[in-house]
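# build me a model:
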Amino acid sequence: MTPPTRYGDPRSAQAGSSGRGAAGLALLLALSSCGPARHGASAPPSLPSGVRAEVVERSYPVRGTTHREIGRSLAENRVSIAGRSFAGVHSWRLSWRYRYGSAASACRIRSLDIRLVSETVLPRWEDRGRADSAIVADWDHYLGLLRAHENGHRDIAYRAAREVHRALRRLTSPDCRLMPARADRLARSVLQEYKDRNRAYDEETGHGLTQGVRWPPEVDRPARAGAGLEG
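Purely as a prediction, here's the structure:
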């Protein structure tokens, strides 16, 4: 008899950063060898077999050739979420499905498929080719710190997917009729834990301010209310 298959309801978590308006987000183009380096890029945590990750990167345009012009464009075009706006955003969604059946006097999950969708939205500077080299260096520094902050959210999402996989793999039930409710309840509890970690990460970093994310990226510039443009 084919073991029953259970599809978990998709669960999601989201983290953001601060500004206004994000209409018409464009797909972030892959950078060629002649383009600028992806500052702040880092590899995500590893995932076990049975966990698939779909990585999406999007961007919004930023114009200007001076600190003031770029700052104004950032403020006008940042991503809007629930009445707040952010210069960078990472969001993630996790779904799962599994087969289960009796084994060794207990009901166990026999196969497990988890899908993680990880999406990052960052600013795309349109006027890089017309700006002074010092402004370009400042932008690269800012974008690197912003990306690094959003990668922190991404890493939490990857760890959540890994932990859901580990927890469901270890789950047993005395009766297979109880397995769907037990498995979904367990997965939801793990997701809630990592949603809380997402929020704590932003609280600890001040949405990136304590990591140096501000425009212009002057190290000795005092943090101002609303100066953090990340999430």
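# center of this protein - which residue?
Nearest to the geometric centre of the chain sits His90, at 3.2 Å (CA atoms, centre = their mean).
# quick check: mean pLDDT across whichever strand in the chain runs longest?
For the chain, the strand with the greatest residue count under DSSP state E is strand 106-125. The average pLDDT for strand 106-125 rounds to 96.
# in its sheet, what does that strand sit against?
Here strand 106-125 has these sheet partners by DSSP bridges: strand 51-62 (parallel), strand 89-103 (antiparallel), strand 172-173 (antiparallel).
# please identify the deepest-packed of those strands.
Most buried of the strands paired with strand 106-125, by mean neighbour count (mean count of other CB atoms under 10 Å): strand 89-103, with a mean of 20. Quick note: C-beta positions are derived from backbone N, CA and C, even for glycine.
# where do the strands sit along the chain?
Remark: strands assigned in the chain by DSSP E are 5-7, 11-15, 26-27, 51-62, 79-81, 84-86, 89-103, 106-125, 172-173.
# these: which one's closest to Leu146?
Nearest to Leu146 among the strands of the chain is strand 106-125; the distance by CB to CB comes to 6.4 Å.
# okay, buried residues for that closest one please.
107-109, 112-125 (16 or more other CB atoms under 10 Å).
# same check, this time on stretch 196-203
198, 201-202.
# what do you get for stretch 78-90?
Neighbour-count burial for stretch 78-90 [16+ other CB under 10 Å]: 78-81, 85-90.
# can you check stretch 124-136 too?
Neighbour counts over stretch 124-136 (16+ other CB under 10 Å) mark 124-125, 127, 131, 135-136 as buried.
# ok, those vs Ser189, which is closest?
Nearest to Ser189 among those, counting by CB to CB, is Arg124 at 37.9 Å.
# could you report the distance from the residue lying closest to that closest one once chain neighbours are set aside to Glu150?
Of all residues not flanking Arg124 in the chain, Ser59 sits nearest, at 3.8 Å (CB to CB, 6 or more residues apart in numbering). Using CB to CB, to the nearest Å, we find Ser59 at a distance of 12 Å from Glu150.
# okay, and the common contacts of these two?
Common contacts of Ser59 and Glu150, defined by CB atoms under 8 Å, 6 or more residues apart in numbering, comprise Leu122.
# isn't the residue nearest to Arg124 right next to Glu119, touching?
No - at 11.5 Å, Ser59 does not count as touching Glu119 under the criterion of CB atoms under 8 Å.
# now do the helices in the protein.
67-77, 133-170, 179-205 (DSSP state H).
# picking that back up, reformat the strands of the chain as a markdown table; add distance to Pro217.
Output for the strands of the chain, formatted as a markdown table (distance: least, CB to CB, whole Å):
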| stretch | distance to Pro217 |
| --- | --- |
| strand 5-7 | 45 |
| strand 11-15 | 21 |
| strand 26-27 | 24 |
| strand 51-62 | 14 |
| strand 79-81 | 20 |
| strand 84-86 | 17 |
| strand 89-103 | 19 |
| strand 106-125 | 13 |
| strand 172-173 | 52 |
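# quick one, which of those strands gets closest to Glu193.
Nearest of the strands of the chain (CB to CB): strand 11-15, 10.4 Å.
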